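**Q** got a predicted structure here, sequence first:
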Amino acid sequence: MNVLILKHEITLLLLALGVMLADLWLPPERKRGLGYLASAGVGAILICSLLTSVPESPFAFRQMYVLDGMALFFKRFFLVATILVLLMAVEFSDRIQAGISEYYSLILFASAGMMFAASANDFALLFVALELITVTFYVLVSFQRGRATSLEAGVKYLIIGALSSAFMVFGIAFIFGTSGSFNFGDIAAKLASPEAGLVNNKLFLFGLLFLLVGLGFKIAAVPFQIWAPDVYQGAPTPTTAFLAVGSKAAGMVLLMRVLFVAVPEVTAQWWKLLVVISALTILYGNLCALPQTNIKRLLGYSSISHAGYLLLGIAAATTAGQSAVLYYLSGYLFTVLAAFVVIVLVLRDTGAEEISSLAGLHQRSPLLAAAMTISMVSLAGIPPLAGFFGKLLLIKSALVVGAEHQSFYWLVGIAVVGVVISLAYYLGVVRAIYWGGEAAEKSAVTLSLPATLTVAACLVGILFIGIYPNPLMKAAEAAVLSFK
Amino acid sequence: MNVGLEHYLVVSAVLFALGLLGVVTRRNILVIYMSLELMLNAANLALVAFSRFNNNLDGQVMVFFIITVAAAEVAVGLALIVALYRRRQTTHVEDLNLLKH
């Protein structure tokens, strides 16, 4: 067995431990800069992952771990997200009273969990990777211990997170009991053989349903979305950003692996359930976002609705649908991070995360105002930005399946209604920036060079993915084909 | 009486249901947290029973993973509850009402 197949995770973990150790020797005033070092390190791992191709024998640890095209795609995705979130955390560091180095290293640990999740081919690794992400996020969410809202968000995430992992473990126990294995490949083989009768085994299906509860919590799909708005609002902004991008994508990749590698036969039966959840999630997220006044809470509801759009591609269960999910997530990464970087840079006073406090931003910083506008417009799905093509691909994949199952036409209709509703609140943010009246604070926003580069990187990402969709579409399709 | 797999599974399901009931009805965060542990242990019992009756040790290995992860979760969770108590002098869920729109 080739341990080097795990080289990205191992280096990332060493980097996280190194950051933690460096905290002991660095003088306090230099600890802030450790974030730049960490993101440079993650950048090096990203370059290494770009040079890596799928090995001939992609499995390790008795097929628990797999490094196929899908895993590589998501590893790169998580590394890009980690770099941007770390840079965001450096800008945020003045609002964290103590332990900024630990904040950086916890982000790295969570990222390592996501990388393991991308490669999970076994329910044991799935559980451990998800828990590594979740437990790190308990700390990351409540990191501003001085703020009651951050602690409250942390406790809420803790209780609902622990509840969902209890459901997941109980589900895994029944899947193991009925199929006799934790391995996705073994379970798929057993499902495919008719004499085992697993497809109709009630206990097996019951276990699978419980497992989906745990994953549904991770991606914040209705009816497990209840935590998302509170936690998004209360958590420190870089944590919220990482939760919106990394944690959701980790849930998505695990969902895709379980549904399409481990239990494809059951997925083919359960498409109605996925369609209903997708429709409810889209409607719930968009309708509840309408009356919001807090920008982070608004993005929390918006992230619920985006989980719904992603589930649309999963419900379609075709190659086109799955590659649309990958494309959509990549566009979402840059779009959401752009919005959160602007929030970190502009709303320094943590009490004022209201949308109205963005008023007059175009006078204080034209770049940030433009970044926020482009991000909102892309989230709403207006051409030619990343969000538009993502939605287009998802809806196209659902329409193709609609020829077979009529209900997909209804789902597409609901998705389109959702997009129209979402225009109202996304453009409300844009209106607050440009036509929101006089700014309470008129001073120009000062941007450090790394902050400007972070914003620019997000903008380039949104525009590039939107205007030249082909390279990413090809990469997404190759990833999906390799994982079948 | 011969104790079979079903008996273990029924006990496990009862434990899980009791834990869930506790999470839903109790108002003290510490009690809720205990109920969550009960739910995890219900899963452990089911895994060990399946492992024993299917002659497959993988399930018991999984139990070790679950116990370890649960310990980490408890450490973080209790620290969080203590921090909340210091800040707000409460461990009741009704008092967690700052985050609303």
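**A** Received the coordinates, thanks.
**Q** from B:Val23, how far off is the residue nearest the centre of chain B?
**A** The structure's chain B has its C-alpha centroid closest to B:Glu37; by CA atoms, centre = their mean the separation is 2.3 Å. Using CB to CB, to the nearest Å, we find B:Glu37 at a distance of 11 Å from B:Val23. Bear in mind the C-beta positions are built from the backbone N, C-alpha and C, glycine included.
**Q** now do the shared contacts for these two.
**A** With contacts taken as CB atoms under 8 Å, 6 or more residues apart in numbering or on different chains, B:Glu37 and B:Val23 have no neighbour in common.
**Q** contacting residues for the residue of the stretch 301-450 of chain A found nearest chain B?
**A** Distance from chain B to each residue of the stretch 301-450 of chain A (CB to the nearest CB) is smallest for A:Tyr301, at 9.4 Å. Residues near A:Tyr301 by CB under 8 Å, 6+ apart: A:Ala228, A:Pro229, A:Gly285, A:Asn286, A:Cys288, A:Ala289, A:Gln292.
**Q** over to B:Ile32?
**A** B:Ile32 neighbours (CB under 8 Å, 6+ apart): A:Ile159, B:Gly22, B:Val23, B:Arg26, B:Val93.
**Q** who touches the second one in this structure?
**A** Translated: B:Gly22. By CB under 8 Å, 6+ apart, the neighbours of B:Gly22 are B:Val31, B:Ile32, B:Met34, B:Ser35, B:Leu38.
**Q** coming back round to it: and the furthest pair within the contacts of B:Ile32?
**A** B:Gly22 and B:Val93 (12.5 Å; CB to CB).
**Q** which residues touch stretch A:198-217?
**A** If you take CB under 8 Å, 6+ apart as the criterion, stretch A:198-217 is touched by A:123, A:130, A:160-161, A:164-165, A:167-168, A:170-179, A:187, A:190-191, A:223-224, A:227, A:251, A:254-255, A:258, A:263, A:265-266, A:269, A:277.
**Q** cross-check the residues you listed against chain B and keep the overlap.
**A** A:Phe123, A:Ser165, A:Phe167, A:Phe170, A:Ile172, A:Ala173, A:Phe174, A:Phe176, A:Gly177 (CB under 8 Å from any CB of the partner chain).
**Q** returning to that earlier point: now a ChimeraX select for only the buried ones of the contacts of B:Gly22.
**A** Selecting just the buried residues from the contacts of B:Gly22 in ChimeraX takes one command, with 16 or more other CB atoms under 10 Å in any protein chain shown as the test:
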select /B:32,35,38
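**Q** what is the nearest of the contacts of B:Gly22 to chain A?
**A** Nearest to chain A among these: B:Ile32, at 5.9 Å, using CB to the nearest CB.
**Q** three-state assignment of the closest one?
**A** helix (DSSP: H, G, I helix; E, B strand; the rest coil).
**Q** any idea how far it is from A:Leu158?
**A** Distance from B:Ile32 to A:Leu158, by CB to CB: 10 Å.
**Q** likewise for A:Leu211?
**A** Applying CB to CB to A:Leu211 and A:Leu158 gives a distance of 21 Å.
**Q** neighbour count: the two, which is higher?
**A** Using other CB atoms under 10 Å in any protein chain shown, the more surrounded residue of A:Leu211 and A:Leu158 is A:Leu158, with 30 against 26.
**Q** sorry, back to before: now list the buried members of the contacts of B:Ile32.
**A** Using 16+ other CB under 10 Å as the threshold, A:Ile159, B:Gly22, B:Val23, B:Arg26 are the buried ones among the contacts of B:Ile32.
**Q** including distance to A:Ser482, could these go into a markdown table?
**A** Below are the buried ones among the contacts of B:Ile32 laid out as a markdown table (distance: CB to CB, whole Å):
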| residue | distance to A:Ser482 |
| --- | --- |
| A:Ile159 | 39 |
| B:Gly22 | 45 |
| B:Val23 | 41 |
| B:Arg26 | 48 |
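**Q** now, which of those residues lie within helices?
**A** Using DSSP state H, the subset of the buried ones among the contacts of B:Ile32 located in helices is A:Ile159, B:Gly22, B:Val23.
**Q** what is the rounded mean pLDDT of the helix of greatest length in chain B?
**A** In chain B, taking DSSP H as the definition, the longest helix is helix B:58-88. Helix B:58-88 shows a mean pLDDT of 94 in the predicted model.
**Q** what comes up buried for that helix?
**A** In helix B:58-88, counting by 16+ other CB under 10 Å, buried: B:58-59, B:62-63, B:65-66, B:69-70, B:73-74, B:76-77, B:80-81, B:83-84, B:88.
**Q** so which of those reach chain A?
**A** Contacts with chain A within the buried residues of helix B:58-88, counted by CB under 8 Å from any CB: B:58-59, B:62, B:65-66, B:69, B:73, B:76-77, B:80-81, B:83-84, B:88.
**Q** and these, which is closest to B:Tyr8?
**A** B:Gly59 (11.8 Å).
**Q** next up, the contacts around that closest one.
**A** So B:Gly59 contacts A:Ala173, A:Phe176, A:Gly177, B:Leu47, B:Val48, B:Phe50, B:Ser51 (CB under 8 Å, 6+ apart).
**Q** next secondary structure element downstream of the helix or strand A:Gly387 falls within?
**A** Here A:Gly387, judged by DSSP states H and E, is contained in helix A:386-402. Using DSSP H and E, the helix or strand that follows helix A:386-402 in sequence is helix A:407-435.
**Q** do that following helix and chain B meet at all?
**A** No - with CB under 8 Å from any CB as the threshold, helix A:407-435 lies outside contact range of chain B, at a closest distance of 12.5 Å.
**Q** what's the angle from that helix to helix A:386-402?
**A** With axes from the mean of the first three to the mean of the last three CA atoms, to 10 degrees defining the directions, helix A:407-435 sits at 170 degrees from helix A:386-402.
**Q** buried set for helix A:407-435?
**A** Judged by neighbour count (16+ other CB under 10 Å), helix A:407-435 contains these buried residues: A:408, A:411-412, A:414-415, A:418-419, A:421-423, A:425-426, A:428-430, A:432-433.
**Q** the helices in the stretch 201-350 of chain A, which residues?
**A** A:202-219, A:228-234, A:237-242, A:248-257, A:264-269, A:271-289, A:295-316, A:319-346 (DSSP state H, counting those that start in this stretch).
**Q** let me know which of those is tucked in deepest.
**A** helix A:237-242 (a mean of 30; mean count of other CB atoms under 10 Å in any protein chain shown).
**Q** tell me what that helix is packed against?
**A** In terms of contacts (3 or more CB pairs under 8 Å, 6 or more residues apart in numbering or on different chains; DSSP states H and E), helix A:237-242 is packed against helix A:69-92, helix A:100-118, helix A:123-141, helix A:295-316, helix A:319-346.
**Q** chain center to the last one, what's the gap?
**A** Yep, that's helix A:319-346 we're talking about. 8 Å (CA atoms, centre = their mean, to the nearest Å).
**Q** following that helix, which helix or strand comes up?
**A** Next along from helix A:319-346, by DSSP H and E: helix A:361-364.
**Q** touching that next one from outside, list them.
**A** Residues contacting helix A:361-364 (CB under 8 Å, 6+ apart): A:Val346, A:Leu368, A:Ala369, A:Met372, A:Ile433, A:Tyr434, A:Ala439, A:Glu441, A:Lys442, A:Ser443, A:Ala444, A:Val445.
**Q** stretch A:43-63 too?
**A** With CB under 8 Å, 6+ apart, stretch A:43-63 has contacts from A:1-3, A:5-8, A:11-12, A:15, A:65-69, A:71-72, A:75-76, A:79-80, A:83, A:121-122, A:125, A:183, A:185, A:482.
**Q** try stretch B:51-58
**A** A:124, A:176-177, A:180-182, B:4-5, B:8, B:50, B:59-60, B:63.
**Q** looking at those residues, which two lie furthest apart in space?
**A** Farthest-apart pair in the contacts of stretch B:51-58 is A:Ala124 and B:Gly4; separation 26.2 Å (CB to CB).
**Q** between the two, tell me which one has more neighbours.
**A** A:Ala124 (19 against 10).
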